[in-house]
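1. Model the following, please.
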Amino acid sequence: AQVAKMITRQPSLFCLSLESNLKATVQWLMDLGLDDAQVPKVIVIKLQLFCYILENNLKPKIQMLREQRFTACQIARILSSYPPLLGLSSKRLAYRMRVMEVR
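-> Numbers count the residues shown, from 1 in each chain. The predicted model follows:
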């Protein structure tokens, strides 16, 4: 039932490669420090992750967080708490980080 719901929400999943998109994205999330319980949660909330290109979209966002001195544990906690962060444009993410610095 949940798989059907996911495909209804993101039909482009049918066009993706199991190896280069799906497995690579899951592995990348685990490499960031998310555990076996957090990865599915992130994917269900932000299913579009599979459609993003890791090198061009997702990795630069994590690099931005690292440049702001977030630790690996903090990044994993942020992503598991707020998966839509990965859907923000780099410009919008930079803006949000500047706003957080002011506070």
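
2. helix or strand for residue 70, which one?
-> Assessed by DSSP states H and E, residue 70 sits outside every helix and strand.

3. Against residue 64, how distant is residue 53?
-> 16 Å (C-beta to C-beta, to the nearest Å). Every residue, glycine included, has its C-beta placed from N, CA and C.

4. For these two, indicate the residue with more neighbours.
-> A count of neighbours by other C-beta atoms under 10 Å puts residue 64 above the other of residue 53 and residue 64, at 14 against 10.

5. In three-state terms, label the more buried one for me.
-> Using DSSP: H, G, I helix; E, B strand; the rest coil, the secondary structure recorded for residue 64 is helix.

6. was I right about it contacting residue 97?
-> Yes: between residue 64 and residue 97 a contact is recorded at 6.9 Å, counting by C-beta atoms under 8 Å.

7. Longest helix in this structure, by number of residues?
-> If you go by DSSP state H, the chain has its longest helix at helix 90-102.

8. Relative to the whole chain's centre, how far out is that helix?
-> 17 Å (C-alpha atoms, centre = their mean, to the nearest Å).
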